[in-house]
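> sharing a sequence plus its predicted fold:
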Amino acid sequence: MLLRSKYLLINPETLVENGFVCVKGDKIKSSGKFSEQECNGEKAIDLGETVIMPGLVNPHAHLEGPETYGGTPPPGEKRLLPFQSFTDWAEQIITMRQRMKPEVFIKTTDHGYALLAANGITFVGDHSHIARTKNIHANAKIRRVVFEEVTDLNPLTAQQRFDEVRRNVKLIKKDKFLGIGVAPHAPYTVSAELYKKLYGFAKQQNIPFSTHLSELKEERELLTKGKGKIRAYLKRVGRDNYYWRHPGTTSIQYMAKIGVLRPPSFFVHCNYLSNKDITILAKSGASVVFCPNSHYFFGHRNHPFRKLLKLKVNVALGTDGLGSNEDLSILKEMKFILDHYPGVTPTQLLRMGTINGLKALKATAKLGELKPGYCADIAAFPLKHKSTKPEHLKRVLIETSPKSIITVVAGKIIHRG
């Protein structure tokens, strides 16, 4: 297969005009500036005024969920109400999920995979409940790490819950396109005992470990003082536990104390970090996944990702789920940053949406660049502009955030727009 376009983004730094990518099997055979000699007379699929680029990466999604997510509610269901606070929103979600039929978990996960492909995403980390969705994950067409998401605040049942997680992850048959991970939900829903068991399992199995961390202002109050809105919320939804004791410190310092603030961990959100937290995180080697549109949905302000980048923390971009986002588009996550955070370059954003995500997901295949020998994971987007300046063209791509006109995984076309 030979793809030709007006522009070729070989990697986040390198943009070529009149570009091509030649794919043989599941790998890139050659790429660069188009010439008949270079392509040995092979007939090209000319995509016109587009940019061909490496497939985008979304390390944090929640594909399963109520049908009210991101569309018209089915008969008898109400649309998710505008949130008043995170806990109000979470209670709505819990109520909806309790009413969900098994086929809805499958339907919404399948819909999520289709949305990802339409947005040029070729690798995802989906935080899921494997026993409900294993068949959809097994047959999906994009690369994926399926995380078993876990909650249990009771330290006395940590072993029992851990054994259940191990059984569930065995339901997934791993291959070069499908991996597994473990995801204790958050420090206010998972005991230290369970955290340590899950991290040890991830380390032993050499798989990714993910958790929501420092997502809420109220999270700090609960962990440092053992009280506040989250404690009241946990009691209302039946998730508080008599045996759990607050650690008396911030989320980051808590994770460091119990030994999980290090690779293969990545931490989702990290919205509220003190300077001390940032310093500790920067020394840990762990990754952070920032979800800009979800961050905005919940009314958070001024994410510290720029400070983290300056300290060489690997910061990637995620979408979160359709319960707090209108789409599963990494380009739209980049656009939000471009619109709201001065000083961040398009090249930085493209790296956060590709290579940094691969690092967070512990990808072992050669991905993230369109060079000979690399896996042929490709997305092509419309890009019409008279500028010849690479950084300006990258900016236009992000500002327009179009849907993909073609998405390729391992040399196979999985989506045409």
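Received, thanks. Numbers count the residues shown, from 1 in each chain.

> so where's the stretch 101-250 of the chain uncertain?
Along the stretch 101-250 of the chain, no part satisfies pLDDT under 70.

> in it, which spans are helices?
In the stretch 101-250 of the chain, the helices defined using DSSP state H, counting those that start in this stretch lie at 102-118, 130-139, 158-169, 192-205, 217-225, 229-236.

> can you tell me which of these is nearest to Asp46?
helix 102-118 (21.4 Å; C-beta to C-beta). Bear in mind the C-beta positions are built from the backbone N, C-alpha and C, glycine included.

> what about stretch 350-362, how long is it end to end?
18 Å (C-alpha to C-alpha, to the nearest Å).

> same question for stretch 119-136.
For stretch 119-136, the end-to-end distance is 19 Å (C-alpha to C-alpha).

> pull out the buried positions in it.
119-130, 132-134, 136 (16 or more other C-beta atoms under 10 Å).

> and if you look at stretch 317-335?
Quick answer for stretch 317-335 (16+ other C-beta under 10 Å): 317-325, 327-335.

> what about these, which are in helices?
330-335 (DSSP state H).

> including distance to Met255 and pLDDT, could those residues go into CSV?
Shown next, in CSV, are those (distance: C-beta to C-beta, whole Å; pLDDT from 0 to 100):
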residue, distance to Met255, pLDDT
Ile330, 26, 98
Leu331, 31, 98
Lys332, 29, 97
Glu333, 24, 98
Met334, 28, 98
Lys335, 31, 97
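
> nearest to Leu223, out of those residues: which one, please.
Closest to Leu223, out of all of those and judged by C-beta to C-beta, is Glu333, at 27.5 Å.

> hang on, the earlier thing: turn the ones in helices among the buried residues of stretch 317-335 into a markdown table, columns for distance to Arg395.
Below are those laid out as a markdown table (distance: C-beta to C-beta, whole Å):
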| residue | distance to Arg395 |
| --- | --- |
| Ile330 | 16 |
| Leu331 | 12 |
| Lys332 | 14 |
| Glu333 | 15 |
| Met334 | 10 |
| Lys335 | 10 |
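
> spatially, which two of the residues you listed are the most separated?
Pairwise over those, using C-beta to C-beta, the maximum falls at Ile330 and Lys335, 9.8 Å.

> where's Asp46 relative to Lys412, distance?
From Asp46 over to Lys412 the distance is 20 Å, taken as C-beta to C-beta, to the nearest Å.

> swap in Thr50?
19 Å.

> kindly report the same for Val169.
27 Å.

> go on, Cys22?
15 Å.

> which ones are touching the closest residue to Ile130 other than its chain neighbours?
Leaving aside its chain neighbours, Ile130 sits nearest to Asn168 (4.6 Å; criterion: C-beta to C-beta, 6 or more residues apart in numbering). Contact analysis of Asn168 by C-beta atoms under 8 Å, 6 or more residues apart in numbering lists 129-131, 148.

> ok, now Leu328?
58, 61, 112, 115-116, 119, 121, 319, 322.

> repeat that with 7 Å
Listed by C-beta atoms under 7 Å, 6 or more residues apart in numbering, the contact set of Leu328 reads 58, 61, 112, 115-116, 119, 319.

> just Phe147 next, same as before
If you count contacts by C-beta under 7 Å, 6+ apart, then Phe147 has 125-128, 181-183, 210 around it.

> inside strands: which ones of those?
125-128, 181-183, 210 (DSSP state E).

> can you redo those as CSV with distance to His392?
Shown next, in CSV, are these (distance: C-beta to C-beta, whole Å):
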residue, distance to His392
Gly125, 31
Asp126, 34
His127, 36
Ser128, 39
Gly181, 38
Val182, 42
Ala183, 39
Ser210, 35
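
> list the contacts of the host helix or strand of Arg4.
Using DSSP states H and E, Arg4 sits within strand 2-11. Residues outside strand 2-11 that contact it (C-beta under 7 Å, 6+ apart): 15-22, 31, 34, 39, 42-54, 368-371, 380, 383, 393.

> narrow those to those in helices?
Using DSSP H, the contacts of strand 2-11 in helices are Leu393.

> give me the buried subset of the contacts of strand 2-11.
Looks like those have 15-16, 19-22, 31, 34, 39, 44, 47, 50-54, 368-371, 380, 383, 393 buried, using 16+ other C-beta under 10 Å.
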